[in-house]
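Colleague: based on what follows, work out the 3D shape:
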Amino acid sequence: MNMMKEVTIPDVPILMSMDRYCVCIAMATEYCLVDTDTLQVTDLFPYEHETSIPVVKRVGKEEFLLSGPGALGMFVTSAGMSQRPPLKWSESVCGVCYAFPYIVALDEEFLTVHSVLDQQQKQTIPFSGGKILGDYDGKLYIASNKEVYSLVPLPVEKQITALLADKRVEEALTLAKNARKTGLSKEMFRRMYIRIQQQAGFIKLAQYEFEEASQLFKDGKLDIRELISLFPNLLPSSTKFSRAQPPLHDFADIRQIVRSDKARLNECKRFLIGMLEDIRGSSLAIDMKEDVDTTLLKLYAECDLIKLQKLVSTENACKLEDSFKILEKNDCHHALATLSRLHGDNESALQIWVKLSDGVLQDDSFPGFEFVFNFLSVLSEHDLLWRHIDWALRKDQEKAVMIFTERPATETSSERLRPDDVIAFLSSYPKAIIRYLEFLVFTKKLEKEKYHTHLAVLYLDAVLQLRKESQSEKTQQDLARSKLRHMLQTSNLYRVQLILGKVKETDMYAECAILYGKLEEHDKALRILVYKLQDYGAAENYCHVNSLGRDKTYRRRLFQILLGVYLDPLEGKQDSLIAPAITLLNSDIADFDNIRVLQIIPDSWSVGLVTKFLTHTLRHNMHSCRTTKVQRMLARGENLNLKSVLCAENKHPIFVGDDRVCKVCNQAFVDASFVRYPNGTITHVHCARNRSVCPVTGKLFSTKKS
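Modeller: Residues are numbered from 1 along each chain as shown. Below you'll find the predicted structure:
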């Protein structure tokens, strides 16, 4: 044995403990630390040597436990710092042992057990006459004057179980987290800790500490069926689940926890819903989708119809047999129909929705018969659709038409939904057939004469029916006539003579005028507007509308006809129509052949009457004349410029000798004919295929002709 180093300390050492390079020493009156590498001595604190016995015990890496003043056990690191709160023990402590995570202290009457994890006293064991307390080869021994005893700690699992039994959850979890240091294997520790978290979660649940319980269940990867099984009749009838053995809790079911308190029961159900929603779709629900979704459906059916509808409307793994029973039991008929539809049973779904619409069944979550119409409008089973069309039309003709008009854009054409068949079926539903024909004509813009004619006839029949009914309001008649006039004006595909034959038998002059216009009988149309309706603005607008998209000659002819109607002496109203005639002549939208106007104006009119027209005509003619002159002079200037360019080109002679060859074929010129491009390229006449593009460079020249 050789001495490596020698360190001088200020007093005689009484007790010491070492960890690597650090030595903690109790001297006669105080403690100190010695660094064996640097030989540095650090004073710590004094102790009451007259009334207490010094204690120096290693309790961790570079950490020691010392007996301090005031009956405190002080933790000190190799740096001379304390990182834990002190232990409170007896003033007469005479021995200390350490077995993670406990400190065992011996005094005159007791053995006290303290935890280094939370510095709290955990146990007191009466023991008088103790002299020596020590740990040897990992075992604790205590000796009195006559006997030696061994202290055997309970296995950590039993300690944790006892803590959980006393509802000391935090202490149990803290002990469990550090259980790995007691020598457990990694796998054993993992299994033990997960089970402890799950047990702690149920304890927190029983204390209604839902947030803590939820986190413990998730961290402990609880089989969610353990929690569901607390609630009677929530698991699917086909489940093969059985509770863990040994059990994680001692509750028969949730009623043992809530003890007939309905408010607490509802809180627990909401907690379960939250847990299921959180894990649904996660790894915690793998292989348990049916159990999770079926449980959620049962809970939603009791307390949350909105979430229930969302669940049954999207892909789910609900047990159908259980789901149908619980939905029917809770009168959740709309959800039942939705679930049936999701699983392809459209007929059952429709039967339920029809009963809900008719009031046979009641369900506040049902949105109404419009929902059924929307469903029928996307239903691809056309046989089933036709079986419910009559019912839908009896409910609301106008809204039910959407079943035919709002079909999916991706739907393939079907013989069962041909327009002709639909029209034939709707013939006994007047409002519905009008809406459907409007869809074909105005929305789909089908250009078929029979659809346009049919719609026009229905519009006309509706107007005539309203005119017969004495109780019909004027606004209804005006609306019906406006729809008819719009149809007659905008469509060119209906049978005009058929409609005109019906309209001529009435006093519907505006419609007659439109129809005569479609037949190009503008004189008759304008005479109706002027003499029958005396609506001069409408007459002028008639000319404007019917000339849209036509040439100027046609437009002038219409306005000329209208002016002729105003000035026609055969009607006997020539003098009374002077004002509208003058207004027409001065209109900004009217267009005339001015010479013909001057020819038909009565000689009796004074110049003052037509001053504005004449002034406008003269200004217009002068403007046209001047514009024409400007255009002519511009053209002349451009012509002169081109001639100048041509003259400039002709000033430069072009010599073609025997030594000059064509740029395209590289052959000599044999006669005086050749082609010269503006960039100087010279070719044979037959080699110049395009006079606007240089055959050598590909450059494009102007194609304007001079």
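Colleague: how much space separates residue 42 from residue 122?
Modeller: Applying CB to CB, to the nearest Å, the value for residue 42 to residue 122 is 32 Å. For glycine as for every other residue, the C-beta is placed from the backbone atoms N, C-alpha and C.
Colleague: please read the previous query as pertaining to residue 494.
Modeller: Per CB to CB, residue 494 is found 100 Å from residue 122.
Colleague: which of those two has more neighbours?
Modeller: Using other CB atoms under 10 Å, the more surrounded residue of residue 494 and residue 122 is residue 494, with 22 against 17.
Colleague: which phi and psi does that one have?
Modeller: phi -80, psi 170 (degrees, to the nearest 10).
Colleague: burial count for residue 156?
Modeller: 21.
Colleague: which residue packs closest to residue 34, ignoring adjacent ones?
Modeller: In space, and not counting its chain neighbours, residue 34 is closest to residue 23: 4.4 Å by CB to CB, 6 or more residues apart in numbering.
Colleague: for residue 671, see how far away residue 665 is.
Modeller: The gap separating residue 665 from residue 671 is 15 Å, by CB to CB.
Colleague: of the two, which one has the most company?
Modeller: A count of neighbours by other CB under 10 Å puts residue 665 above the other of residue 665 and residue 671, at 12 against 8.
Colleague: phi, psi of residue 116?
Modeller: phi -80, psi -10.
Colleague: quick one, helices of the stretch 301-450 of the chain?
Modeller: Listed in chain order, the helices of the stretch 301-450 of the chain (DSSP state H, counting those that start in this stretch) span 305-313, 320-329, 333-342, 346-357, 369-378, 382-395, 397-400, 402-405, 419-425, 430-438, 449-468.
Colleague: actually, the stretch 151-300 of the chain.
Modeller: 156-165, 169-177, 186-206, 210-219, 224-228, 254-258, 262-279, 289-303.
Colleague: could you give the mean pLDDT of the helix ranked longest in the chain?
Modeller: Counting by DSSP state H, the longest helix found in the chain is helix 611-650. For helix 611-650, mean pLDDT rounds to 88.
Colleague: just how off-centre is that helix within its chain?
Modeller: Remark: helix 611-650 is offset 64 Å from the chain centroid, using CA atoms, centre = their mean, to the nearest Å.
Colleague: one more: stretch 468-485?
Modeller: 45 Å.
Colleague: give me the contact list for that stretch.
Modeller: 456, 459, 460, 462, 463, 466, 467, 508, 510, 511, 514 (CB atoms under 8 Å, 6 or more residues apart in numbering).
Colleague: how close does the fourth one get to residue 10?
Modeller: So the one you mean is residue 462. Taken as CB to CB, the span from residue 462 to residue 10 is 119 Å.
Colleague: go on, the fifth one?
Modeller: Relative to residue 10, residue 463 is positioned 122 Å away (criterion: CB to CB).
Colleague: what's around residue 452, how many residues?
Modeller: Residue 452, neighbours per other CB under 10 Å, totals 21.
Colleague: the chain should start at 127 in everything you say after this.
Modeller: In the new numbering, first residue 127, that becomes residue 578.
Colleague: pretty sure it contacts residue 567?
Modeller: Yes. Counting by CB atoms under 8 Å, residue 578 does reach residue 567; the two are 5.9 Å apart.
Colleague: find residues that contact each of those two.
Modeller: Joint contacts of residue 578 and residue 567 (CB under 8 Å, 6+ apart) are 613, 617.
Colleague: pick out whichever of residue 589 and residue 136 has more residues nearby.
Modeller: residue 589 (24 against 11).
Colleague: ok, that one - contacts?
Modeller: 603, 606, 607, 610, 634.
Colleague: for the one helix or strand the first one maps to, the distance to its chain's centre please.
Modeller: Okay, so that is residue 603. According to DSSP states H and E, residue 603 maps onto helix 600-616. Averaged C-alpha coordinates place helix 600-616 at 42 Å from its chain's average position (CA atoms, centre = their mean).
Colleague: what's in contact with the next helix or strand after it?
Modeller: For helix 600-616, the following helix or strand on the C-terminal side (DSSP H and E) is helix 622-629. Helix 622-629 has contacts (CB under 8 Å, 6+ apart) with 579, 582, 583, 586, 614, 637, 638, 641, 642, 644, 645.
Colleague: one step back: winner for burial among the helices of the stretch 427-576 of the chain?
Modeller: Most buried of these, by mean neighbour count (mean count of other CB atoms under 10 Å): helix 459-468, with a mean of 23.
Colleague: which elements pack onto it?
Modeller: Packing partners of helix 459-468 (3 or more CB pairs under 8 Å, 6 or more residues apart in numbering; DSSP states H and E): helix 431-439, helix 446-455, helix 472-483.
Colleague: run the angle between the longest one and helix 446-455 for me.
Modeller: Counting by axes from the mean of the first three to the mean of the last three CA atoms, to 10 degrees, helix 472-483 lies at 10 degrees to helix 446-455.
Colleague: give me the distance between helix 472-483 and the centre of its chain.
Modeller: 29 Å.
Colleague: check the first one too.
Modeller: Distance, stretch centre to chain centre, for helix 431-439: 17 Å (CA atoms, centre = their mean).
Colleague: and that helix with helix 415-429, angle?
Modeller: Using the same axes, to 10 degrees, helix 431-439 lies at 150 degrees relative to helix 415-429.
Colleague: counting by contacts, list what helix 431-439 packs against.
Modeller: Where contact means 3+ CB pairs under 8 Å, 6+ apart, helix 431-439 is packed against helix 415-429, helix 459-468.
Colleague: who touches the last one?
Modeller: When you say that, I think you mean helix 459-468. With contacts defined as CB under 8 Å, 6+ apart, helix 459-468 is touched by 427, 431, 434-435, 438-442, 444, 446, 449-450, 453-454, 472, 474-476, 478-479, 481-482, 487-489, 491-493, 501.
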